[in-house]
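J.: Pasted the sequence and its predicted model underneath.
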Amino acid sequence: MFTGLIEDVGRMVRLQRAGSAARLTVTTALPCGEIAMGDSVAVNGACLTVVAKGAGELTFDVSPESLDRTTVGGLVGGAPVNLERALKVGDRLGGHLVSGHIDTVATVVGLREASGNLVISFQLPPQHARYIVEKGSVAIDGISLTVNTVSNDGFSVNIIPHTAARTTLQFVRPGFKVNIETDIIGKYVERLLTGHQPVGRTGLTLESLAANGFV
């Protein structure tokens, strides 16, 4: 698990394809001596496993699923990447619970300045937009952010100067693609309400709540 608070902006060194998978190497100012082989690191929000490391470099194996679901496969040499090590038990949870499992890719469709802040608008598939709620949490390229506004196929966020200066959001432009992880709580609630039920039972409904004295 992660918090969505970016620790470092690294740079992509190389992406070596191996069939439908790949191996990604990035530079970083993180203390590589404290990072063990097999540790999890979020790279632009995607949870990847460290398989090799050197002086100021980390290397990860990237599965076909990760390449299909994220923007990792489109990274070019020198591209900035947000990096965050996995949350340790006892750490402060300054952002929100982020799993590092990307739901979809969104497109930047608008940028505007507002009182020194940056307002960014995104478009994403409607089937994922339903998990975005006003004033809820969303992870954009691994950054924990609060949702400002929501539409049927998009949303906007407000970026303070501190966040812009310490993440890849300072580089985004209209047309840029970003990784999106929606709030995991909403997905579990939907699953419980509408998912598979034992024979003879239905999902939670207003009628069942009323019958049990909750409405």
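T.: It's in.
J.: which secondary element of this structure has the worst mean pLDDT?
T.: Here the helix or strand of the chain ranked lowest by mean pLDDT, DSSP states H and E is helix 206-211, holding a mean of 74.
J.: Using PDB, write down the CA coordinates of that one.
T.: Extracted C-alpha coordinates of helix 206-211, given in PDB (Å, rounded to 0.1, in the frame of the first residue of the first chain):
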ATOM      1  CA  LEU A 206     -33.300   0.400   0.100                       C
ATOM      2  CA  GLU A 207     -36.000  -2.100   0.700                       C
ATOM      3  CA  SER A 208     -33.800  -4.500   2.600                       C
ATOM      4  CA  LEU A 209     -32.400  -1.600   4.700                       C
ATOM      5  CA  ALA A 210     -36.000  -0.400   5.500                       C
ATOM      6  CA  ALA A 211     -37.000  -3.900   6.500                       C
END
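J.: From the chain's centroid, how far away is that helix?
T.: 35 Å (Cα atoms, centre = their mean, to the nearest Å).
J.: show me what contacts R173?
T.: Residues in contact with R173 (Cβ atoms under 8 Å, 6 or more residues apart in numbering) are 108, 111. Every residue, glycine included, has its C-beta placed from N, CA and C.
J.: ok, now how distant is it from V108?
T.: 7 Å (Cβ to Cβ, to the nearest Å).
J.: Kindly state the beta-bridge partners for the spatially closest residue to V51 that is not a sequence neighbour.
T.: Closest residue to V51 apart from its sequence neighbours, by Cβ to Cβ, 6 or more residues apart in numbering: D61 at 5.1 Å. On the basis of DSSP bridges, D61 is bridged to R23, T49.
J.: Now do the contacts for D61.
T.: 21-24, 48-49, 51.
J.: among the residues you listed, which ones are buried?
T.: Buried residues within these, counting neighbours by 16 or more other Cβ atoms under 10 Å: 22, 24, 48.
J.: Could you export those residues as CSV, including distance to S40 and pLDDT?
T.: Listed next are the buried ones among the contacts of D61 as CSV, based on distance: Cβ to Cβ, whole Å; pLDDT from 0 to 100:
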residue, distance to S40, pLDDT
A22, 17, 97
L24, 14, 98
L48, 7, 98
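J.: Sort out which residues of the least confident helix or strand of the chain are buried, please.
T.: Per 16+ other Cβ under 10 Å, helix 206-211 contains no buried residues.
J.: same thing with stretch 118-135?
T.: 118-122, 124, 128-129, 131-132.
J.: Stretch 88-95 too?
T.: Neighbour counts using 16+ other Cβ under 10 Å place G95 of stretch 88-95 among the buried residues.
J.: now swap in stretch 168-188 and tell me
T.: 168-169, 172, 176, 178-184.
J.: now swap in stretch 43-56 and tell me
T.: So for stretch 43-56, counting by 16+ other Cβ under 10 Å, buried means 43-48, 50, 53.
J.: about what we covered before: looking at the buried ones among the contacts of D61, which one is closest to A139?
T.: The closest of the buried ones among the contacts of D61 to A139 turns out to be L48 (Cβ to Cβ; 14.8 Å).
J.: how near is the closest residue to the closest one other than its chain neighbours to E84?
T.: For L48, ignoring the flanking residues on the chain, the nearest one in space by Cβ to Cβ, 6+ apart is F60 at 3.8 Å. Separation of F60 from E84 (Cβ to Cβ): 13 Å.
J.: Which of the two has more residues huddled nearby?
T.: Neighbours of F60 and E84, each counted by other Cβ atoms under 10 Å, are more numerous for E84; the result is 26 against 22.
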